[in-house]
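> quick one, structure for this:
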Amino acid sequence: FAIALGISWDPSSGHRWGEAMAKQDSAALAWKLASVVAAAQSEGDAAGAVARSAATLTGAESVHVWLIDHVQGYRFAGAWPRVEQAPESPPANLPRTVAFGTVSVGEDDGGFRSQLILPLARGTRPMGGIVLRESARERGPFTQDDLKALERLLAAADEVLPAIRDRFKKQARQAETVVR
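Alright, predicted model coming up:
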C-alpha cells in the first residue's frame, strides 16, 4: 500500500516516516486512501490503509483501528505497522472517546510518550476509533495541528470503512447462498 499511497519509508531519517511526510497534503492523501481502500481485499487491509495514512500525516509510530462489533464490543480491525497478534482490548479511553464523539489526547501507558484517540462515525452513528501513539517525533507530543491534518482523512475513513464492511458482508452472504 505504501507505493499505492505515494509514500515511502525513509530508514535514514531515524523515524518510521520522514518528518517531511507529515506535511503531505491531507486532501490528496484522503483521495488516495479512498482509492486504495476501495481495492482492499479485506476489512483488515482497509483499516491498515487508514492507519498507515494517519501515521503518514502525523508521524505516529503506531496506529490501531478499532471498530464497534455488536457481539464483541470493540474489535481490532487493523494497524500500522502490521502486528502479528491483535491486541486483546482497546485503550481504556477509547469507549469514552467514541461514545461522546470527542478526541482524547494524553500520555500512553504502553511505553509511548503520547497518545491521540479519535472517534470514527458515520453521520451520528459511532463506528469505532483510531489510536495513534508516538514516542520520538521531532515535533513532540501530538497537537491540535495533528488533529487538523487528520480531519479530511477521518472524513474519508468514516465513509469508506462502513462501505468496505458492507461489501464484505454482502460477498459472504452471496458465497453462502452459492454453497447451499
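> going forward, measure contacts between C-alpha atoms and count neighbours the same way
Noted.
> who's in contact with the nearest residue to Arg82 once chain neighbours are set aside?
Leaving aside its sequence neighbours, Arg82 sits nearest to Gly48 (C-alpha to C-alpha, 6 or more residues apart in numbering; 7.4 Å). If you count contacts by C-alpha atoms under 8 Å, 6 or more residues apart in numbering, Gly48 has them with Val65, Ala77, Gly78, Ala79, Trp80, Arg82.
> one more time with 10 Å
For Gly48, the contact set (C-alpha atoms under 10 Å, 6 or more residues apart in numbering) comprises 1, 37, 40, 42, 54, 63-65, 77-82.
> ok now the helix or strand encompassing it, how far from the chain's centre?
Using DSSP states H and E, Gly48 sits in helix 43-58. Relative to the chain's own centre, helix 43-58 is displaced by 4 Å; criterion: C-alpha atoms, centre = their mean, to the nearest Å.
> avg pLDDT for that helix?
In this model, helix 43-58 has a mean pLDDT of 86.
> just checking, what packs against the very next helix or strand once past that helix?
Scanning forward in sequence from helix 43-58 by DSSP H and E, the next helix or strand is strand 62-69. Strand 62-69 is packed against helix 43-58, strand 73-80, helix 94-100, strand 114-122, strand 125-134, with contacts defined by 3 or more C-alpha pairs under 10 Å, 6 or more residues apart in numbering; DSSP states H and E.
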